[in-house]
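Asks: What shape does this take:
(4 chains, ligands or ions: 4)
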Amino acid sequence: MTAATETATEAAEARPQTQKLTLAQAVNRALFEEMGRDETILVMGEDVGIDGGVFRVTEGLLDAYGPERVIDTPLAESGIVGTAIGLALAGFRPVAELQFMGFLYPAMNQLCAHAARYRNRSRGRYHLPMVVRMPYCGGIRPPEHHSESYEALLVNTPGLKVVIPSTPYDAKGLLVSAIRDEDPVVFLEPKKIYRAFREDVPTGPYEVPIGKARVVVEGRDLTLIAYGAMVRVAMEAEQALARDGVSVEVLDLRTVSPVDVEAIVLSVEKTGRAVVVHEAPRNAGFGAEIVALINERALLSLLAPVQRVTGFDAVFPYPMLEHHYLPTKERVVKAARRALDF
Amino acid sequence: MTAATETATEAAEARPQTQKLTLAQAVNRALFEEMGRDETILVMGEDVGIDGGVFRVTEGLLDAYGPERVIDTPLAESGIVGTAIGLALAGFRPVAELQFMGFLYPAMNQLCAHAARYRNRSRGRYHLPMVVRMPYCGGIRPPEHHSESYEALLVNTPGLKVVIPSTPYDAKGLLVSAIRDEDPVVFLEPKKIYRAFREDVPTGPYEVPIGKARVVVEGRDLTLIAYGAMVRVAMEAEQALARDGVSVEVLDLRTVSPVDVEAIVLSVEKTGRAVVVHEAPRNAGFGAEIVALINERALLSLLAPVQRVTGFDAVFPYPMLEHHYLPTKERVVKAARRALDF
Amino acid sequence: MPRTVIQESRTERLEILDMEGRLDEALAPALSDDQLVTLYRLMVRMRKFDEKALNLQRQGRIGTYGSIKGQEACQAGLVPALTRHDWLVPSFREHGVLISSGIPMHLVYALWKGDERSNLFPEGIRCLPPSIPVGSQLLHAAGLGMGLAKKGDPGVAVGFGGDGATSEGDFHEALNFAGVFSARTLFFIQNNQWAISVPLKRQTASETIAQKAHAYGFPGIQVDGNDVLAVTSASQEALAHVRAGRGPYLIECLTYRMENHTTADDQSRYRTPEEVAYWASRDPIDRMRKFLSGRGLWGEELEKSWALEVSTEVDREVELLETMPAAPATDILDYMYGERPWFLEEQRRLLQEEAES
Amino acid sequence: MPRTVIQESRTERLEILDMEGRLDEALAPALSDDQLVTLYRLMVRMRKFDEKALNLQRQGRIGTYGSIKGQEACQAGLVPALTRHDWLVPSFREHGVLISSGIPMHLVYALWKGDERSNLFPEGIRCLPPSIPVGSQLLHAAGLGMGLAKKGDPGVAVGFGGDGATSEGDFHEALNFAGVFSARTLFFIQNNQWAISVPLKRQTASETIAQKAHAYGFPGIQVDGNDVLAVTSASQEALAHVRAGRGPYLIECLTYRMENHTTADDQSRYRTPEEVAYWASRDPIDRMRKFLSGRGLWGEELEKSWALEVSTEVDREVELLETMPAAPATDILDYMYGERPWFLEEQRRLLQEEAES
Ligand SMILES: Cc1ncc(C[n+]2csc(CCOP(=O)(O)OP(=O)(O)O)c2C)c(N)n1
Ligand SMILES: Cc1ncc(C[n+]2csc(CCOP(=O)(O)OP(=O)(O)O)c2C)c(N)n1
Ligand SMILES: [Mg+2]
Ligand SMILES: [Mg+2]
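Replies: Ligands and ions are numbered 1, 2, ... in the order given. Below you'll find the model as predicted:
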């Protein structure tokens, strides 16, 4: 353990200041470096050990930190989150992985009825510094239950924080923040962009604060609000609209709970128009919350109804039809046009 | 079985046209009468048999229809909903009870990943005519996990219908519709008002259609939108405001999925102001969806931001503090004033 | 090669004290006279605690209450076998365990009065807040037991559940994780034969609950749960096994819930007075008193003075309960997160404004 | 009275055909020569189906695919013991069962290509769509089995799962409900010793999976899952038990997954070539061929002509797969409800507009 820690530290000193990493690699580096820093951190889940995770996100951790800290669990999601709670109570900082967000349901009771509530139930005596990571969202053409986006369910659950990075840089910094947080954080990894692109990611620890949105592009005419893989779709739409002379501001929420309401209001007060993009179903989806916040805090700034571009209120399709389901640049542009032409 | 059926029928003929019933009794009558009509209907859950349910909602069913149709199950919510799916596939129409909505989580996977999806997954070959009933909402000062309102999670789940009655008459008619529906319906019973009042409920079958709201009081200045136990709170607010000369329209949604968007838009177009009331947490609660729908379809009619009066984004408290959590007439009036004075 | 037996298991039942208070010397745990008397005292104290709770409920001074009457031997037999390193992971019917482990009675009363502050146990007591969703907290006991093993901590996590709890998926996952990871966990199941109105037969077709442990590769034993010495002996044996790092253990205490499920329940709807009477005749306290009297360790004088001592304590605790200052309304928001997010900041202002107006 | 054994259970393992194809005559199921040959043919057909699937995947003509190689004996041994009244409740690795039960190959290929229409099986076949969330559909098998018992239906519901599936809470709840309600359900567990990269030892500390049935009051047996005659014999016995109304049954087929978990997996990361080679030497098809050849029931000629027949079928089915007309985009919305709600009506218009533009 100590050996691994030293290796990690030495390596950090030897290596260049930044590395070009994919989002998956950035998550891996956050886990690797944080585990080197704090030996109470555990990684646990199905296939996270010798296999390095089905997306290879936990690759190398077992070798570096051994089976006492990198734990292949039985195939049971409630068991994973439930024992992570116990481990946190025993003084560890577990980072539990669910293999896909589509398999969150069996763990809902442990996550929402227990993890989210221990601090409150014990009036502060116990709190759970734990992270529950999981790949989420569609776009990789897998079987059923491998493409779900259930973030709204978690936002409606008091006591959780819910973080969704859209870039390698943010992924690392947000995960570091999540691991260091004293409360349970759900960390949703947009698997569609696990390897979509690389960017410079600093070696060594840094935090991206939970609860702060990022202005990806500044603009004047309309605000596109997105998170996770949809940020890239929003960016494509921004470029298409820019070519037509529309100045679009793109906001990447980065955290959906607590959401950065200030950033949203500030932007909409400037632009007067907004489109929210997410791929979860629309009915009671997180987009509705954004619309409600804007309605409450910036109604008079609105020049047009806030538009929602979302997945359909239907089961995420099997691969052959999935492209019909996912929000596209075209749909975002169309919604923007509706707002602009209102 | 046939004996019971005949008894039920004879009794129906002998009895007066209506009876004064509580909401709990109305649910019981719907179950009793429908089971008499269709012997494929089963009732199942924890303590639904000899005990008649912890709220006595299934009282008398075991005597009338026997243990093959009124089934006390082991203590396992996933098991209840999961075997109900199997029973539906075998040709039955199960009406499964979860003892409290706070114990829905363990059944989420069966309800949301399976029951809601069988028709779609099988491209229409299989469908599940099943109802999952459960008492929900706060106000009766029980232990933790007995007061939860998770309706937003279900609205965000494609493939379900979600019904919430607020009166005995509606409870019976909506449950009859739910039982006769060919798809899974979640039926949420506001336990705070199980016995709060009685009203005339017709003997014999009638349907209240799923997906249709009810205008409880007509008004011109502001629309109060509520469902379940909050309809009564809305009514109290309406009366208070009426005394001050404000003409309030009260809308009882009755179904939250599919929600009656037409009724909402119609009312808001008339009044220009709206307050949504529910007791679930606010963040990504169902109220946000209402605000979003109004924003999309009636923005120009709005004279003020739609207000949300909701539970706090906190765990539903233990009994001694629960009165601080629940929306009150005062909070609704205050929100209405904010809209009126905007 | 053909059809071969590849696995065998057996489940044992332990009884030490019979209904007349006669002891099976060979099996009796090595306890001093004092320790024997302590077991009895613990049970009487639980009974008085319970009677007062039912009383307070009837008078509307606490809310719905779930009685432990009949289950005193299970709870008294376990506690003395524990150390301060051990973790309690209780369900909602372990008041006897709680008040015997250093948690003052008024906090347990406060739980049933509906006050989250009841879960703020005295420092140094390793006990989690009682958990309501049946069976779910057994996973916390499994995880704690995994963690204790990892840390080389001397403690054992004791997870509690009823017969009904064994039907939940989490029971299975907890036992399975504990088995795989050789967790330092004792699963302590009080099989009182009813889950509200559902009898054991409807809960599982298994002959015993003890044998369920075999599906997870560790031992299980059934004890007469109305025999405090059998519970003590089994607890000692099980805890020694777990402490030695030999993996988890399951104890099934076969007992009976003498009262309604909770004060909101009406047991006459689903079970006969005869059945209840039969179990009344097997009362754990009577049996132990007979035994102690036979040994000359207990008598009417002691009974009276202990009763007085306990009722004085109970009264003092009720006093403490009823003089607890009211919790501020903002308590409902203030323990959600380590740092309050903006929305709770806003909501807190609203709540405070209301309180002030 | 003292410490008594109150429950005993044993788990048996059944093997009939050894690695050299030698038969244990005493245990052999009563099968005609034709039936014996059929078992072999079924296995070969599965193998060819599987090889083609891997092939199609490599060429990008279907998506991720999960191979059944090595598990043919489990699947071929079961199917002939079933009747058209029985319900199949498959997981994602039962293609052998499916294509042996009257479901055309191209539909199973279509599943892995990602087409919901693959689940629209021919009328009269009682088979549910394969279920992805591990273990969850066992509850549907339990419920179906409860329903069949209620209706006096002659069928049995067969629920499938892997070794990994036995860790899920739903496995437990399914077996428990089935036990309590004497469901007409057979739990058919293919223990291929791996759940992706997780070996059996990490899945449970139980010595066998078969013994887990004892926790629910019904029998379980382990069979050599690479011995098609052992699987046949156990299936017949188990189904007879269930059909007679004697309650559920669990069969554990101890076998091995020869390929990657799916084509997205890389088994070389977590298991040795030696282990795989060891199991290759225990190939279920080889063993049965040796046996049939020894009896003079099979030879090179038959092997060739069957291979030809199957590969013709496979080619035709791939043709069918690849000439399936594309599904309309609106299919993603049109099967959500019996009657389309307003929001899907609106969303459908949007989708159609897009398709037209
Ligand atoms: C998950 C869950 N489902 C339902 C309930 C409601 N409930 C509370 S106690 C109880 C029965 C518990 O029976 P058992 O486990 O035998 O414990 P006992 O009450 O007999 O001590 C039920 C159904 C609950 N608390 N949690
Ligand atoms: C509830 C759930 N969790 C995780 C997964 C991802 N997953 C798919 S198959 C698999 C392993 C299954 O192992 P086993 O049950 O032994 O079946 P096998 O693949 O060996 O046939 C996992 C973890 C899933 N499908 N469902
Ligand atoms: Mg019990
Ligand atoms: Mg397997």
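
Asks: Distance-wise, check the residue of the stretch 101-250 of chain A found nearest ligand 1 relative to D:Glu173.
Replies: The nearest approach of the stretch 101-250 of chain A to ligand 1 comes at A:Asn109, 7.7 Å away (Cβ to the nearest ligand atom). Quick note: C-beta positions are derived from backbone N, CA and C, even for glycine. In this structure, A:Asn109 and D:Glu173 are 13 Å apart, going by Cβ to Cβ, to the nearest Å.

Asks: Is C:Leu250 in a helix, a strand, or coil?
Replies: Per DSSP: H, G, I helix; E, B strand; the rest coil, the local secondary structure of C:Leu250 is strand.

Asks: That one is in contact with C:Val223, isn't it?
Replies: No. Applying Cβ atoms under 8 Å, one finds C:Leu250 not in contact with C:Val223, separated by 11.1 Å.

Asks: ok, back up a step: spatially nearest residue to the residue of the stretch 101-250 of chain A closest to ligand 1 (excluding sequence neighbours)?
Replies: Using Cβ to Cβ, 6 or more residues apart in numbering or on different chains and skipping the chain neighbours, the partner closest in space to A:Asn109 is B:Tyr105 (3.6 Å).

Asks: List the residues that contact residue 151.
Replies: Picked chain A for this. Residues in contact with A:Glu151 (Cβ atoms under 8 Å, 6 or more residues apart in numbering or on different chains) are A:136, A:162, A:164, A:188, A:256, A:278, A:280, A:286.

Asks: should've been chain C
Replies: By Cβ under 8 Å, 6+ apart, C:Lys151 lies in contact with A:90-91.

Asks: For C:Gln267, list the residues it contacts.
Replies: Applying Cβ under 8 Å, 6+ apart, we find C:Gln267 in contact with C:197, C:259-261, C:276.

Asks: Please apply the same query to A:Val315.
Replies: For A:Val315, the set of contacting residues under the criterion of Cβ under 8 Å, 6+ apart consists of A:144, B:116-117, B:120-121, B:158-159, D:332, D:336.

Asks: Check for me that it belongs to a strand.
Replies: No. Membership of A:Val315 in a strand is not supported by three-state DSSP, which gives coil.

Asks: How many residues are close by the residue nearest to C:Thr255 when sequence neighbours are not counted?
Replies: Counting by Cβ to Cβ, 6+ apart, C:Thr255 lies nearest to C:Gly225, which is 3.1 Å off, once chain neighbours are set aside. By other Cβ atoms under 10 Å in any protein chain shown, 29 other residues sit near C:Gly225.

Asks: Who are the contact partners of C:Gly225?
Replies: Contacts for C:Gly225 were tallied using Cβ under 8 Å, 6+ apart; they are C:71, C:73-74, C:190-192, C:231, C:253-256, C:284.

Asks: my read is C:Gly66 is in a strand, agree?
Replies: No. According to three-state DSSP, the state of C:Gly66 is coil, so it is not within a strand.

Asks: Distance of it relative to C:Asn260?
Replies: 8 Å.

Asks: Among those two, which residue is more densely surrounded?
Replies: Per other Cβ under 10 Å, whichever of C:Gly66 and C:Asn260 has more neighbours is C:Gly66, with 21 against 18.
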